[in-house]
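Chemist: predicted model follows, preceded by the sequence.
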Amino acid sequence: MAGPPTGNWFTRGGWWFFVHLLGAGLLLPVPLASAAVRTRRPWHVVAAVASLILVVATFVFVGAADRGPDGSTTGLFATLSSMSILTLLVGGLATLIVVRHQVFGPRARPTGWDRPLPDPAVTAALAARGRRDEARRLAAQDPLLAHELRVGRPDLPRSYDDGGLVDLNAAPAQAIARVCGIAPEHAERIVACRSAAGRFATVEDVFVWADLPYDIWDQVRDRAVVLGR
């Protein structure tokens, strides 16, 4: 979970109230638009647009109001303009309190522009893991196609991206060591056991027959596949 927002009261939405009160409610769209840009939440966008429409309507009401001899406004449009200004000022203040708590409150989470971008390395690693899972399913469902696509054979020319798998039943020791990230002597032991046994039925057979150190089992599991011949 994200930690509490940093910064002082003014930078964490305090300036919204300053702008709102300075403009007597007529500048309400400015802080609401700021909140909408930060969060991209639909209702924040709606609130910003609605406040802008109300501000425009207020100016229309003021322009359409009747003028008395002393220059004061009278009539229906004068009443409507007064009501809209009051709504903007009081209702807008209440709205800003709620919106600020949602954007900068202690339980607020990064959204919109504040959301950190995903780490490219993590994104690439997860994508490769997904391709490995897909290639394993392909090998289980259609071994002939897997052989044709050279799944688990990084030592051979190919166009299919299996996400970084190595076939323990066919790949040379050098490829097994490189892909699994294990010592060359461990890869040589895997190849020696494969030659003695003929082939591995499952990846788990490797740990029994090759007597590999326990601390490299997960590395092998993550990258290994066994295809029938």
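Modeler: Perfect, I can see it now.
Chemist: stretch 178-186: how far from the chain's middle?
Modeler: The chain centre lies 34 Å from the centre of stretch 178-186; the measure is Cα atoms, centre = their mean, to the nearest Å.
Chemist: my bad, should have said stretch 40-48
Modeler: On the basis of Cα atoms, centre = their mean, stretch 40-48 sits 20 Å off its chain's mean C-alpha point.
Chemist: one more: stretch 10-28?
Modeler: Worked out by Cα atoms, centre = their mean, stretch 10-28 lies 31 Å from the chain centre.
Chemist: mind listing what's buried in it?
Modeler: Of all the residues in stretch 10-28, those buried under the rule 16 or more other Cβ atoms under 10 Å are Arg12, Gly13, Trp16, Phe17, His20, Gly23, Gly25, Leu26, Leu27, Leu28. No exception for glycine: its C-beta is placed from N, CA and C like everyone else's.
Chemist: make TSV from these and add distance to Leu89, pLDDT and secondary structure to it.
Modeler: Formatted as TSV, those follow (distance: Cβ to Cβ, whole Å; pLDDT from 0 to 100; DSSP: H, G, I helix; E, B strand; the rest coil):
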residue	distance to Leu89	pLDDT	secondary structure
Arg12	22	81	helix
Gly13	18	81	helix
Trp16	14	88	helix
Phe17	12	90	helix
His20	8	88	helix
Gly23	9	89	coil
Gly25	4	87	coil
Leu26	9	90	coil
Leu27	11	92	coil
Leu28	8	91	coil
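Chemist: out of these, who's nearest Arg158?
Modeler: Comparing the buried residues of stretch 10-28 against Arg158 with Cβ to Cβ places Arg12 closest, at 54.0 Å.
Chemist: separation between the closest one and Pro31?
Modeler: 12 Å (Cβ to Cβ, to the nearest Å).
Chemist: perfect, I'm done here.
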